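Participant: Turn this into a model:
(one chain, ligands or ions: 2)
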Amino acid sequence: MDNRPIGLLDSGVGGLTVVREILRQLPNEEIVYIGDTQRAPYGSRSNEQITAFTWDMVNFLLSKNVKMIVFACNTATAVALDEVRAALDIPVVGVILSGASSAIQKTVNKKVGVIATQATINSEQYRKVIQFKSSSVEVLSLACPDFVPLVESNQVDTEAAKNIVAETLKPMVGKVDTLILGCTHYPLLRKLIQKEMGQDVQLIDSGSETVRDVTVLLNYFALNGEERDSIRHCFYTTGDAGAFQVMADRWLGAGKIRAEHTELSSERTLLIATRNDGKTQEFKRLFEEFGYKIKNLKDYPELPDIKETGMTFEENARLKAEQIAAITGQVVIGDDSGLCVDVLGGLPGVWSHRFAGPKPTDEENIAKLLHELASTAITPERRTAHFHTTLVAAYPGHESLVVEADWQGRIGLTPQGKNGFGYDPIFLVGESDRTAAQLSAEEKNTASHRGQALQKLMAELPKWLESLKK
Ligand SMILES: O=P(O)(O)OP(=O)(O)OP(=O)(O)OC[C@H]1O[C@@H](n2cnc3c(O)ncnc32)[C@H](O)[C@@H]1O
Ligand SMILES: [Mg+2]
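Facilitator: Ligands and ions are numbered 1, 2, ... in the order given. Sure, this is the predicted structure:
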């Protein structure tokens, strides 16, 4: 027995259709619900944003001590479920598998339709699951981007809703005998959808199918709640609590639950232990994609200068990250990077910044390097080099997370290009004759040592951040 609540997340009010089933089928379970109404709809957002927002909701639910998380949102399931599930040690359930399985059981003519948001359709998750389980079933998919806004703005009973549903479903009508409502908002439009598709078409509510899986998991992991009087459900929205309440009253019955407004800490801020503006600019763009804001040491003038006394990139990155984390008590990302030229045995390497002296300009470092290579390395084959980045995420009292990446290229004969920083004007990328300083910021970030290292960091960071709570 376990009386902790079940956490449900959704981009808005759609997940209430799952709540209704939980209240009906699992009366001993307490619910904590978070709807990110403020940032809905999710369906037309990028995968990076959907994943970042989903993590905001997951972290919120974890702070409420939930025993299981239900993604009551197809879009979040399609895009972020696997990542979240791998990172957490409580059960995490999504809506897609259950809806797909039910459709396979119910179709007679083996033609199943899926209507969902653009992101869910793009992910092809329903098609993949259905055809993996039963390759003879044909799947017809249709994105309905206008449906969620209709529901979120409480317009389901209007003439406009009727017209939009009719117009949108045209390509689906007459083609299937079973239709998956692949978005938890859509059951709120059920009557209109049924009318348009015809009474013979079976509509599958993927959310309510999911509750069956929740029941199985509660039994399997012995997580069922006891019968008790003190059950208090908590419903939170990042948008307007009043508007959410109207939808909840209508869908669950008047006065069944009380909605509260909450903020999600979406402006997650990470401190990067650097004073280098060029690097900071790159980190800013890269981290923004994942929903993080960043600060650097210039935002904290009182912090000491950390001496880079290490002999390796990792030692230096650890020095910066771990010392600043110890002082500030927060998560800090440290980075040490540099240019390693093969014919110089890897120099300037960890000394890249101070290659030409204690406080050189980028031009002085470049001039010194070109001078070193002038006599020994004339042919392009003798001028091979790579940039290296080691990234360290540190938090006091915890093992740091370390990742690294290289970017291969050659050293040019003269500086070319104005973008980037440091040695970029003489770094010919790969086998090309363009320098890193001739690439746009996007081009550089996609390929560079720092961009690649950050991709690796982001793959592991959620799990590592989670481990800090233990
Ligand atoms: O220690 P912080 O404050 O982070 O700033 P820093 O400039 O000293 O940073 P590093 O110790 O990592 O030294 C990296 C040097 O290597 C060079 N470098 C690193 N990444 C580069 C890139 O993407 N493009 C060009 N040069 C780069 C550049 O000269 C940097 O100053
Ligand atoms: Mg440095």
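Participant: Now residue 459. Its backbone dihedrals?
Facilitator: phi -70, psi -30 (degrees, to the nearest 10).
Participant: if I look at it, how far off is residue 414?
Facilitator: Look at residue 459 and residue 414: by CB to CB, to the nearest Å, they are 38 Å apart. All C-beta spots, glycine's among them, are computed from the backbone N, C-alpha and C.
Participant: Residue 216 now?
Facilitator: From residue 216 to residue 414 the distance is 68 Å (CB to CB).
Participant: Please say which of residue 459 and residue 414 ends up with more neighbours.
Facilitator: Ranked by neighbour count (other CB atoms under 10 Å), residue 459 and residue 414 place residue 459 first, with 12 against 9.
Participant: And for the residue of the stretch 1-150 of the chain found nearest ligand 1, the neighbour number?
Facilitator: Closest contact between the stretch 1-150 of the chain and ligand 1, by CB to the nearest ligand atom, is at residue 48 (21.6 Å). Neighbours of residue 48 under the rule other CB under 10 Å: 14.
Participant: Report the contact partners of it.
Facilitator: If a contact means CB atoms under 8 Å, 6 or more residues apart in numbering, then residue 48 has 289, 290, 291 as its contacts.
Participant: For the last one, what are phi and psi?
Facilitator: Pointing back at residue 291 there. phi 80, psi 20.
Participant: how deep is residue 444 tucked in, by neighbour count?
Facilitator: Neighbours of residue 444 (other CB under 10 Å): 22.
Participant: how far away is it from ligand 1?
Facilitator: Noted for residue 444: a distance of 7 Å to ligand 1, by CB to the nearest ligand atom, to the nearest Å.
Participant: surely that residue meets residue 420?
Facilitator: Yes - here residue 444 reaches residue 420: they are 6.0 Å apart, a contact under CB atoms under 8 Å.
Participant: joint contacts of those two?
Facilitator: Common neighbours of residue 444 and residue 420 are listed as residue 436 (criterion: CB under 8 Å, 6+ apart).
Participant: Just the buried residues of the contacts of residue 48.
Facilitator: 290, 291 (16 or more other CB atoms under 10 Å).
Participant: nearest to ligand 1, of the contacts of residue 48?
Facilitator: Once CB to the nearest ligand atom is applied, the member of the contacts of residue 48 that ends up nearest ligand 1 is residue 289, at 17.5 Å.
Participant: show me the residues around the nearest residue to residue 239 once chain neighbours are set aside that make contact.
Facilitator: Distances taken as CB to CB, 6 or more residues apart in numbering put residue 37 closest to residue 239, at 3.1 Å, once the chain neighbours are dropped. Counting by CB under 8 Å, 6+ apart, residue 37 touches 11, 12, 13, 152, 237, 238, 239, 240, 243, 244.
Participant: go on, residue 414?
Facilitator: Taking CB under 8 Å, 6+ apart, one finds 370, 426 in contact with residue 414.
Participant: Which of the three states applies to it?
Facilitator: Here residue 414 is recorded as coil under DSSP: H, G, I helix; E, B strand; the rest coil.
Participant: What about the residue lying closest to residue 263 once chain neighbours are set aside, how many residues nearby?
Facilitator: Spatially, and ignoring its direct neighbours in sequence, residue 263 is nearest to residue 238 (6.7 Å; CB to CB, 6+ apart). By the criterion of other CB under 10 Å, residue 238 has 24 neighbours.
Participant: right, and residue 238 touches residue 13 too?
Facilitator: No - at 11.7 Å, residue 238 does not count as touching residue 13 under the criterion of CB under 8 Å.
Participant: Identify the contacts common to those two.
Facilitator: 35, 37.
Participant: Now do whatever helix or strand residue 167 lives in: which elements does it pack against?
Facilitator: In this structure, residue 167 sits in helix 159-169 according to DSSP states H and E. On a contact count with 3 or more CB pairs under 8 Å, 6 or more residues apart in numbering; DSSP states H and E, helix 159-169 meets helix 147-152, helix 190-197.
Participant: got the contact list for the residue of the chain found nearest ligand 1?
Facilitator: As assessed by CB to the nearest ligand atom, ligand 1 sits closest to residue 422 within the chain, at 2.3 Å. Contact analysis of residue 422 by CB under 8 Å, 6+ apart lists 278, 339, 352, 353, 362, 365.
Participant: what does the stretch 251-400 of the chain have sitting close to ligand 1?
Facilitator: Within the stretch 251-400 of the chain, the positions near ligand 1 by CB under 6 Å from any ligand atom are 274-276, 279, 308, 335-339, 352-353, 365, 387.
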